[in-house]
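> Using only what follows, build the 3D model:
(6 chains)
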Protein chains: 4
Amino acid sequence: MTAPSLTAFEPRKTPVQARSTITVGAIFEATIQVLLSHGADRLTTTRVADRAGVSVGTLYQYFPNKQALLFSVFEEHLEKVSARVEATCLHAHRKPLAEMIQQMVEAFVDAKMERSDVSVALYRVAADVGGPAVVKRTIQRSRKAIEAMLNTVPDVELSPDRYSIDVMLAAISGVMRSALESGGSPATVRKLKEHLVLLCQSYMAAALTKRN
Amino acid sequence: MTAPSLTAFEPRKTPVQARSTITVGAIFEATIQVLLSHGADRLTTTRVADRAGVSVGTLYQYFPNKQALLFSVFEEHLEKVSARVEATCLHAHRKPLAEMIQQMVEAFVDAKMERSDVSVALYRVAADVGGPAVVKRTIQRSRKAIEAMLNTVPDVELSPDRYSIDVMLAAISGVMRSALESGGSPATVRKLKEHLVLLCQSYMAAALTKRN
Amino acid sequence: MTAPSLTAFEPRKTPVQARSTITVGAIFEATIQVLLSHGADRLTTTRVADRAGVSVGTLYQYFPNKQALLFSVFEEHLEKVSARVEATCLHAHRKPLAEMIQQMVEAFVDAKMERSDVSVALYRVAADVGGPAVVKRTIQRSRKAIEAMLNTVPDVELSPDRYSIDVMLAAISGVMRSALESGGSPATVRKLKEHLVLLCQSYMAAALTKRN
Amino acid sequence: MTAPSLTAFEPRKTPVQARSTITVGAIFEATIQVLLSHGADRLTTTRVADRAGVSVGTLYQYFPNKQALLFSVFEEHLEKVSARVEATCLHAHRKPLAEMIQQMVEAFVDAKMERSDVSVALYRVAADVGGPAVVKRTIQRSRKAIEAMLNTVPDVELSPDRYSIDVMLAAISGVMRSALESGGSPATVRKLKEHLVLLCQSYMAAALTKRN
DNA sequence: CATGAATGAGGTTTCATTCAT
DNA sequence: TATGAATGAAACCTCATTCAT
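Okay, here's the model as predicted:
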């Protein structure tokens, strides 16, 4: 499907019992394992269930279909990154602009790198799972957190531009994606961070000034 | 496969007769049609052949498998964008830095927007087709063109940083992708261009200065 | 493939539920039916599944591919013949040489004739299925049984020649094959038996003596 | 097809011109090459034509279909072996029985071994090509030659048994086939010959005497 | 006569999903 | 609730054969 509606991916039942939670966790982890070991197009529900140590039937008790499963995994991954960014933004309130940007960018990069393999694997399924929509939703939250942070920049009278923040986030994502897909070394990642910080700092400085 | 080798996608036979060339062209166009009308995961070789007005067998005379077909289409698309960027860069030699950047960015955006539908559709298949590898190869060329252009910036003594250019390109791609996937209006595109120009100008200024 | 490795033909799943066992049996029988009614090159997995009253999917739960299916059927057939020969050999211990040979040969011929149609049909698939390898393996067993039997021939001091036994078995197989493919009448079969007995008796007598 | 009629395989046109003869020869050789290098089930008419340096179309000028091609190749092979046996039989007239048998068997084995790879390859196609029928026809001729030879055995008054000769030939074929498919070394072949000679000598001696 | 592009029926195999046990 | 055998639509791809050039 070109643009699957988001509502179709809702989990089928909310895990209330302990056992269920464990099962869902296992399925999640198994999905990622299979993604990494077999690749996106050889990820089958049976294989995931096997790896998770449950039967296919059980899998289908928690997820109405394959897309829903992938959707959940994808969403959770973005959620984590997003949460890290938000937390960092909160901590950075009232600091100088350059520092704000630096911390935010580093939080983003670190979060992505933490499970870089998963990130890469998920790029491959994003498209089949309504990726763009989920990204959009998650980005909303990050943007708001950044907006709030920027509003506390000391000594400057400016209302930050929503659009600029979106552009910045898209730029960061793009650079990260390209780097991850090339499989960069730790050294590369360090350099990458510096550049991203520079990119965002200079852009934000320019964008904010302009808007003022 | 997670990372299909590029060599597996070589066209099977080079058209020598006039008839063949026409056929291949029709298949190409049909692929895009089907991609747009049915979506990536409902693109079947049979459907493409039908739309192209040939038999599946004929399709397989020119492409050893489905991936190879998509690969070719993908590659051609990138090629076009890349060519536009290179041409623009050549024209911009010896102009002021800001103008260089502006023209390059605008060339990129315009090229992508020209067949924005195709772009979006191709994002969906890129992953299954060795996308990252092709992108890398194509970016190579763009980077060199930009590097050459930057070396002609007047009145400044600086050797541009290869890495910065890669980062810039990745940033542009990321922003474009995000914008295209959101399906922006012409108005949005205009604003997008401005922002991208600003992003790149400020980053390059900073990066080049720093390096000097 | 010219020489498919035997390991590729391992059954995919061992039936644990009662239902499964029935299913596998039905598939086996259906394979033979189709082989007889349609011939080797019009035996398709779909047709077999149909005849067995199951879906193709089910067939592929038990056999990883078409070859594996045919392999199994072929193997089972040889197994039966081999078992008959072995049993007969055991019974013939300590009898006079001529009688040993006669009983062994007759057991072989009878076993083959019992389902002569299947035999003929299987000759046609043997090649595509690693036939020679399976034959070799099965012959091993028969040879050993015959060897053991010959070691009990009364009043003679001789160690039988392994190679001679292989030659004898190959000769028997060759004659049987030729006879089966010509489609002999019961009368012909009777004569055939006599001749085969004579052939083997005289050869063994000569070979053993010589080896003394 | 289970039993294709022989008449369907007649060559389409008799090569009268020199060029044609060369072409047909090339196609023959190519068929064997492909058989050896790709295996029976990956032998395609296109591949054969390629290897022969002609177009498929040309191939179909000389053979009405794939079966006819294989049939011809198979037949030619048998023909050669058969011719050798016949010639040898003629030379052996009036010699002692043991020597007759020995020369005949050795001729057979040598002929087969000369292109043992081809023999093995052809076993794999024989079934799809009406093999048994061709074999039968060819054996006919060999039998007659052997019969004639045996009628000249000195000092004995006996009319040889047609059936025995068939059995003997089938036995030789069977043993050869089994040996070839196991891929025997030259040393093995020598031993094989001895055993085959012994097998046939003792059998013939017994069969002829009996019949007298 | 030769070529080789085109055909398309048909084969094998996969895999998301269901449902009786 | 969990299981896993069964389903079957549908995808990919091959290859013998033809016929316009």
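
> Not counting residues beside it along the chain, what's closest to residue A:56?
Residue nearest to residue A:56 in three dimensions, not counting chain neighbours: residue A:49, with 4.6 Å by C-beta to C-beta, 6 or more residues apart in numbering or on different chains. The way it works is simple: take the backbone N, C-alpha and C, and place the C-beta from them, glycine included.

> residues in contact with the residue of chain A found nearest chain C?
Using C-beta to the nearest C-beta, the closest approach of chain A to chain C is made by residue A:46 at 10.7 Å. Residue A:46 makes contact with residue A:56 under the criterion C-beta atoms under 8 Å, 6 or more residues apart in numbering or on different chains.

> list the contacts for the most centrally placed residue in chain A?
With the centre of chain A defined as its mean C-alpha position, the nearest residue by C-alpha atoms, centre = their mean is residue A:78, 2.6 Å away. Residues in contact with residue A:78 (C-beta under 8 Å, 6+ apart) are A:134, A:135, A:138.

> What residues sit buried inside stretch A:147-165?
By 16 or more other C-beta atoms under 10 Å in any protein chain shown, the buried positions in stretch A:147-165 come out as A:147, A:149, A:150, A:153, A:160, A:161, A:163, A:164, A:165.

> what's the domain layout of chain A?
Using automatic domain parsing, the domain parsing of chain A gives A:6-67, A:76-211.

> Run the chain-centre distance for the last one.
Averaging C-alpha positions (C-alpha atoms, centre = their mean, to the nearest Å) puts domain A:76-211 10 Å from its chain's average.

> so the residue in chain A positioned nearest to chain B is in which element?
Chain B sits closest to residue A:174 of chain A, with a gap of 1.3 Å, by C-beta to the nearest C-beta. Here residue A:174 sits within helix A:162-182, counting by DSSP states H and E.

> Quick one: name whatever helix or strand follows that helix.
helix A:186-211.

> quick check: mean pLDDT across that next one?
Averaging pLDDT along helix A:186-211 yields 85.

> quick one: that helix to helix B:186-211, angle?
Angle, helix A:186-211 to helix B:186-211, by axes from the mean of the first three to the mean of the last three C-alpha atoms, to 10 degrees: 120 degrees.

> now the angle between helix B:162-182 and helix A:186-211, please.
Interaxial angle, helix A:186-211 versus helix B:162-182 (the same axes, to 10 degrees): 60 degrees.

> wait, does helix A:186-211 contact chain B?
Yes. Helix A:186-211 lies within reach of chain B by C-beta under 8 Å from any C-beta of the partner chain, at A:191-192, A:195-196, A:198-199, A:201-203, A:205-207, A:210.

> Return a ChimeraX selection command for the buried portion of those residues.
Remark: buried members of those, expressed as a ChimeraX selection using 16+ other C-beta under 10 Å:
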select /A:192,195,196,198,199,201,202,203,206,207
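
> In a markdown table, list the residues of helix A:186-211 next to chain B along with distance to residue D:82.
Below are those laid out as a markdown table (distance: C-beta to C-beta, whole Å):
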| residue | distance to residue D:82 |
| --- | --- |
| A:191 | 78 |
| A:192 | 77 |
| A:195 | 80 |
| A:196 | 81 |
| A:198 | 86 |
| A:199 | 83 |
| A:201 | 90 |
| A:202 | 89 |
| A:203 | 87 |
| A:205 | 94 |
| A:206 | 92 |
| A:207 | 92 |
| A:210 | 96 |
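
> can you state the direction angle for the helix or strand hosting residue A:75 and helix A:162-182?
For residue A:75, the enclosing helix or strand under DSSP H and E is helix A:66-91. Interaxial angle, helix A:66-91 versus helix A:162-182 (the same axes, to 10 degrees): 120 degrees.

> so who does residue A:43 touch?
Counted by C-beta under 8 Å, 6+ apart, residue A:43 has contacts A:31, A:34, A:35, A:70, A:125.

> ok, 6 Å please
By C-beta atoms under 6 Å, 6 or more residues apart in numbering or on different chains, residue A:43 lies in contact with A:34, A:35.

> rewinding a little: how about the residue of chain A closest to chain B: what's its closest non-neighbour residue?
Closest to residue A:174 by C-beta to C-beta, 6+ apart is residue B:174, at 1.3 Å.

> What of residue A:67?
Closest residue to residue A:67 apart from its sequence neighbours, by C-beta to C-beta, 6+ apart: residue A:129 at 5.7 Å.

> which of the residues in the helix holding residue A:174 are buried?
By neighbour count with 16+ other C-beta under 10 Å, helix A:162-182 contains the buried residues A:163-182.

> low-scoring stretches of chain A, by residue?
Chain A contains residues with pLDDT under 70 at A:1-20, A:157, A:159-160, A:209-212.

> So which residues on it come close to DNA strand E?
Contact residues, chain A versus DNA strand E (C-beta under 7 Å from any atom of the strand): A:41, A:42, A:43, A:44, A:45, A:46, A:56, A:57, A:60, A:65, A:66, A:67.
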